[in-house]
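make a model of this:
(one chain, ligands or ions: 1)
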Amino acid sequence: MSTVLSERQPSSAVVTQTYDVVVAGAGFAGLYMLHKLRQRGLSVRLYEAGTGVGGTWYWNRYPGARVDVESVEYSYSFSSELEQEWSWSERYAGQPELLRYANHVADRFGLRENMQFETRITSATYDESARRWQIGTSRGEKISAQYCVLATGFLSAANKPDFAGIDSYQGHQYQTSRWPHEDVDFTGQRVGIIGTGSSAVQSIPHVAQQASHLFVFQRTPSFSIPLRNAPLDREYEKRVKADYKEWRRRQREDSRAGFIAVNYQPASPNNKSALEVTPEERLADYEMRWASGGLCFYSSYIDLLTSIEANETLAEFVREKIRGRVKDQDVAELLVPTTYPILSKRLCADTNYYETYNRENVSLVSIKDTPIETLTPKGLWVGGKEYELDSIIFATGFDAVTGAISKIDVRGLDGQELNAHWQGAPRAYLGLMSAGFPNLFFLDGPCSNGALVSPMLLSEYQVEWVDRCIGQLGTEAGTAIEAKPDAEDEWMEHMNTVSAGSLLHLANSWYMGANIPGKPRALLAYLGGLINYKQQCEQGEAGGYGKFVVTR
Ligand code: NA7
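Coordinates of the predicted model:
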């Protein structure tokens, strides 16, 4: 077996190893992938850039970081023992608890012995004669693996814009997605935060409680709904645990996106048009969802993301709510989004976000028409004014979905670069494999619905698909599977067909790659829904993987 490099070992060790499968990333998808492959008795090595497991919840340690999918659903379903023994403390778990859960899973299933931390996979080159991947790491290792699974996460490659003067700034700099492991205390400080997406919406109320003054630099306002977090109702937990199997079945089979938390979301998916009901009926539905909290507006009327008129009914409802939460109506108007349809950017879910602007020590600075000119040694210049700041927080998001994969130098058949294959737009059959890149799998990658459905559910489904595939092919030397170019073309066409007319195209969001300067504008996710996606994946497996070229 391989040499195990623990989290504490120096980074100078260089080993050359051979495995059946190499997995990149110790987030929830990577951990489960490792578990499945170990159960098959395969030799597997998981490489992780951080010093520990948890992926998103390892990196995003900013104050207020919290999942906005209900805890009982944002958890693994593969082990009923795990389901029964783990108890969430809140309706929506906070980052520390989610990190504890990831660590518990790694320990409970003995996964650490096959993991190597502080190691980033930097290259993967397909050796056609051996039909194996030659993998390079940030430690200089060269590894040979028959299969390679990239579980690198769709919100993991941090985006820190290259602001002029950024190196001249002498205060403290923080990035929400690279937050220090130690507590950060802003007491008595003048703090600036750049960005008003989910990460900022969660952290602003916390930072405002410490800072002497908080300046929020907003380019585009978000739509945010109250999260209505609370300690987890123990009666509710009992009911869920008594019936978890059926609960999970319904998540998989009965819901549009894998969410069925009926206790807290009394509103089941609404299959009507927002325009076919009376204004009173519509308002009642919206009020019920507002009171329930969180992301349940996604399961409201069926045409909210296809009809601008229907969408506007919800957008206006939420705008009015924002106006009602903010005392200064000039500030409220700056916080009201008007330039894109609601839900076409990821909806935020907050605790006291808008109310924070009622505090004396919080100022909203719109940088929509006057972008940040430069950082200075003391702070930053915007709108002809210098803001002196002790700390600046960059809540500027991610190079989403493709960012982490494109940082790896991947070369497939004939030396073709994956980044070249994805130039213009990423291409991957079922979001799982790209033509010309045999034995290379993506989890939560582009062209699947990772960004739009229950992330745990999709990860588990994809892991099980990949595990079955590797299991059926086996590890005999020379065995390879590759998506047929036709299958990939058809999938891309299908993706375009199901997304035609979607309002998602109208926003400059990370779903569209539009938040990163120079990134091609293309919808990165599959909009066909979870049930349809699974049917398509089953078709892909049918006929002995008929949509793939299998070589033995
Ligand atoms: P988001 O949602 O991408 O938000 C990033 C924010 O940073 C957003 O308000 C951006 O404004 C702003 N931003 C980015 N670049 C700049 C520059 N150059 N100048 C000023 N402002 C900028 O990332 P989050 O981390 O908050 O959330 C990501 C996901 O995590 C979220 O969708 C949930 O799924 C969980 P913009 O809107 O581009 O004008």
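
could I get the phi/psi values of residue 376?
Note on residue 376: backbone dihedrals following degrees, to the nearest 10 are phi -120, psi 170.

and it, how many neighbours does it have?
Counted with other CB atoms under 10 Å, the neighbours of residue 376 add up to 18. C-beta: built from backbone N, CA, C; applies to glycine.

was I right to think it contacts residue 166?
No: with contact defined as CB atoms under 8 Å, residue 376 does not reach residue 166; the gap is 10.3 Å.

nearest spatial neighbour of residue 226, skipping sequence neighbours?
Nearest non-adjacent residue to residue 226, counting by CB to CB, 6 or more residues apart in numbering: residue 293, 5.1 Å away.

residues contacting that neighbour?
Residues in contact with residue 293 (CB atoms under 8 Å, 6 or more residues apart in numbering) are 225-229, 264, 349.

repeat the analysis, applying 10 Å as the threshold.
Contacts here follow CB atoms under 10 Å, 6 or more residues apart in numbering; on that basis residue 293 touches 68, 91-92, 225-230, 264-265, 349-351.

need the residues you listed in CSV with pLDDT, can you?
CSV is the format used below for these (pLDDT from 0 to 100):
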residue, pLDDT
68, 93
91, 95
92, 96
225, 97
226, 97
227, 96
228, 95
229, 96
230, 96
264, 55
265, 57
349, 97
350, 98
351, 98
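
residue 494: which of the residues you listed is nearest?
Lowest distance from residue 494 to the contacts of residue 293 (CB to CB) belongs to residue 68, with 29.1 Å.

and the closest one, which helix or strand is it part of?
Taking DSSP states H and E as the definition, one finds residue 68 inside no helix or strand.

for the closest residue to it other than its chain neighbours, give me phi and psi.
Taking CB to CB, 6+ apart as the measure, residue 68 lies nearest to residue 349, with 4.2 Å between them; neighbours along the chain are not counted. Dihedral angles of residue 349 (phi, psi; degrees, to the nearest 10) stand at phi -130, psi 130.

where's residue 349 relative to residue 224, distance?
7 Å (CB to CB, to the nearest Å).

now do the shared contacts for these two.
Shared between the contact lists of residue 349 and residue 224 (criterion: CB under 10 Å, 6+ apart) are residues 198, 201-202.

which of those count as buried?
Buried members of those, counted by 16 or more other CB atoms under 10 Å: 198, 201-202.

and those as CSV, adding distance to the ligand?
Compiled in CSV, those are given as follows (distance: CB to the nearest ligand atom, whole Å):
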residue, distance to the ligand
198, 4
201, 7
202, 8
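
residue 59 contacts residue 176, doesn't it?
Yes: using CB atoms under 10 Å, residue 59 and residue 176 qualify as a contacting pair, with a distance of 9.2 Å.

look at these two and report which has more neighbours.
Neighbours per residue, other CB under 10 Å: of residue 59 and residue 176, the larger number sits with residue 176, 26 against 22.

I'd say the more buried one and residue 184 touch.
No: between residue 176 and residue 184 there is no contact, the gap being 11.2 Å when judged by CB under 10 Å.

burial of residue 227, as a residue count?
22.

which helix or strand in the chain has the lowest average pLDDT?
Every helix and strand of the chain was ranked by mean pLDDT, DSSP states H and E. The lowest is helix 244-253, at a mean of 90.

tell me what it is packed against?
The elements that helix 244-253 packs onto, with contact taken as 3 or more CB pairs under 10 Å, 6 or more residues apart in numbering; DSSP states H and E, are helix 80-85, helix 234-242, helix 455-473, helix 530-545.

which positions within the shortest one qualify as buried?
By 16+ other CB under 10 Å, the buried positions in helix 80-85 come out as 82-83.

quick one: contacts for the closest residue to the ligand within the stretch 151-300 of the chain?
With distances taken as CB to the nearest ligand atom, the stretch 151-300 of the chain approaches the ligand most closely at residue 197, which sits 2.1 Å away. With CB under 10 Å, 6+ apart as the criterion, the residues that contact residue 197 are 176, 219-220, 222, 224, 345-346, 348, 395-398, 509-510, 515.
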